[in-house]
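Visitor: okay, predicted coordinates and the sequence, questions at the end:
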Amino acid sequence: MSAGVVDVHYDDLGGAKAALVVCSGLDFTTVESEHVADISRAAPYESGALFKRELPCIQEVLSVGPSLEVLVIDGYATLDPDGRPGLGAHASDAFGIPVIGVAKSRFRTASHAMEVIRGAAKRPLYVTSVGGLEISIAARLVASMAGGSRIPTALARVDRLARGRDKPGSAGRAN
């Protein structure tokens with residue numbers, strides 16, 4: 001199964017860098033490839049409509065990577081128990097694959113998010129999912145992702161790539 005983790009970082013000049021880490025399994029241990037897309041002009045931030053800014057950037061980096069069966073995003077898939085769409089739901093609709101949202105902070109209306117404590121962390125991650133992937137399964141997948149700290153290794157790696165702190169490298173292990 002080909003699974004990916006994606007993140008976007010915006011610069012002060014109106015551009016963005018989108019990054020994608022592709023792994024060969026849902027434990028995100030073996031990295032198959034890493035991709036970065038530089039976007040010269042990103043849409044401006046619009047309160048309550050983050051997806052309008054993020055989706056074109058995510059689409060750009062997904063277009064240079066392989067086909068995925070599951071996508072993990074930094075954020076929420078749904079924003080409330082009734083399924084109000086977050087970035088993940090918009091991504092799932094746009095790309096036709098299940099999406100797992102992994103957020104680092106609680107969103108006030110996301111009472112349905114499952115809390116996942118990883119390693120020796122004191123603070124949880126908040127997991128949501130869409131696209132036919134049950135939230136309990138998504139939470140178990142996040143709990144079992146490679147890395148011993150609060151933030152799974154693949155999520156930390158994609159963040160560094162999107163911020164330009166690291167360059168895409170060769171495939172390897174993400175423990």
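Guide: On my side now, so go ahead.

Visitor: wait, residue 66 touches residue 20, no?
Guide: No: Residue 66 sits out of contact with residue 20 when judged by CB atoms under 8 Å, with a separation of 9.4 Å. Backbone N, C-alpha and C define where each C-beta goes, glycine included.

Visitor: these two: which is more packed in?
Guide: Between residue 66 and residue 20, residue 20 has the larger neighbour count (other CB atoms under 10 Å), namely 27 against 12.

Visitor: what helix or strand is that one located in?
Guide: Assigned by DSSP states H and E, residue 20 falls within strand 16-23.

Visitor: how far off centre is that strand?
Guide: Shown here is strand 16-23, whose average C-alpha point lies 9 Å from the average C-alpha point of the whole chain (CA atoms, centre = their mean, to the nearest Å).

Visitor: with stretch 9-19 instead?
Guide: 16 Å.

Visitor: residue 133 reaches residue 98, doesn't it?
Guide: Yes: using CB under 8 Å, residue 133 is in contact with residue 98, at 3.9 Å.

Visitor: spit out the residues that contact these two alike.
Guide: residue 70 (CB atoms under 8 Å, 6 or more residues apart in numbering).

Visitor: so between the two, which is more surrounded?
Guide: residue 98 (23 against 18).

Visitor: pick out the residue nearest the middle of the chain.
Guide: Nearest to the mean C-alpha position of the chain, counting by CA atoms, centre = their mean, stands residue 73 at 1.6 Å.

Visitor: and that one, which helix or strand is it part of?
Guide: In this assignment (DSSP H and E), residue 73 forms part of strand 70-74.

Visitor: who does that strand pair up with?
Guide: Looking at strand 70-74 with DSSP bridges, its partner strands are strand 3-10 (parallel), strand 99-103 (parallel).

Visitor: skip ahead from it and say which helix or strand is next.
Guide: Using DSSP H and E, the helix or strand that follows strand 70-74 towards the C-terminus is helix 87-95.

Visitor: tell me the angle of that next one relative to strand 3-10?
Guide: Angular relation of helix 87-95 and strand 3-10 on a 0 to 180 degree scale: 110 degrees, by axes from the mean of the first three to the mean of the last three CA atoms, to 10 degrees.

Visitor: summarise which helices and strands helix 87-95 is packed against.
Guide: With contacts defined as 3 or more CB pairs under 8 Å, 6 or more residues apart in numbering; DSSP states H and E, the secondary structure elements packing on helix 87-95 are helix 50-62, strand 70-74, strand 99-103, strand 125-130.

Visitor: what helices or strands is the longest one leaning on?
Guide: Packed against helix 50-62 by the contact rule (3+ CB pairs under 8 Å, 6+ apart) you find strand 3-10, strand 16-23, strand 30-39, helix 87-95.
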